[in-house]
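> the following block contains a protein sequence and its predicted model.
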Amino acid sequence: MDRYEYLQDSVDHRLMDDSELKVVERRDGGMTCTWKVWPGAINSAGTCQGMIHFGMADVISAILCDREGVVVTQSASCFYHAPLYEGEVVAEAFFNKRGKVNDNVEVHFFQKDKLCFQAIFSMHATGVVLNKGGEDEA
């Protein structure tokens, strides 16, 4: 069981619901997920809005880290290789480096076997555990 929880009205919760994010496989050092680009994620050019790529990769990185308490993004680099269109996306996430409180995570998005997006995140485990109301338990 993963040690992440999210607040009912948070943006990560809405992204997970709207995209139908599913963890397909966890393995040592990585995981495979699927998610869907939904109609509300499409921009005026007919492709997935870039902020959706980033948000989904950020959520997937935090899930991969699987730390006790809140995990936050310290920094990120994103590379848009090809547009994402409405439909299924396969996400591969893996650790480049795992530390005591900081992890370096890489996420790749594929659509129809084509690499469309790549992101590298520095993630920090704060050690802060929130209760169901979003308050720090300390």
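It's in. Residues are numbered from 1 along each chain as shown.
> and Gly46, how far is that from Val37?
11 Å (C-beta to C-beta, to the nearest Å). The C-beta positions use only the backbone N, C-alpha and C, and glycine is treated the same way.
> when those two are compared, which one has more neighbours?
Each of Gly46 and Val37 has its neighbours counted (other C-beta atoms under 10 Å); Val37 has more, 24 against 9.
> in contact with that one, which residues?
Ser19, Cys48, Ile52, Leu84, Tyr85, Glu86, Gly87, Val89 (C-beta atoms under 8 Å, 6 or more residues apart in numbering).
> so where's the chain uncertain?
1-11, 130-138 (pLDDT under 70).
> what residues sit buried inside the longest helix anywhere in it?
Ordering each helix of the chain by length in residues (DSSP state H) puts helix 50-65 first. Across helix 50-65, burial judged by 16 or more other C-beta atoms under 10 Å covers 52-65.
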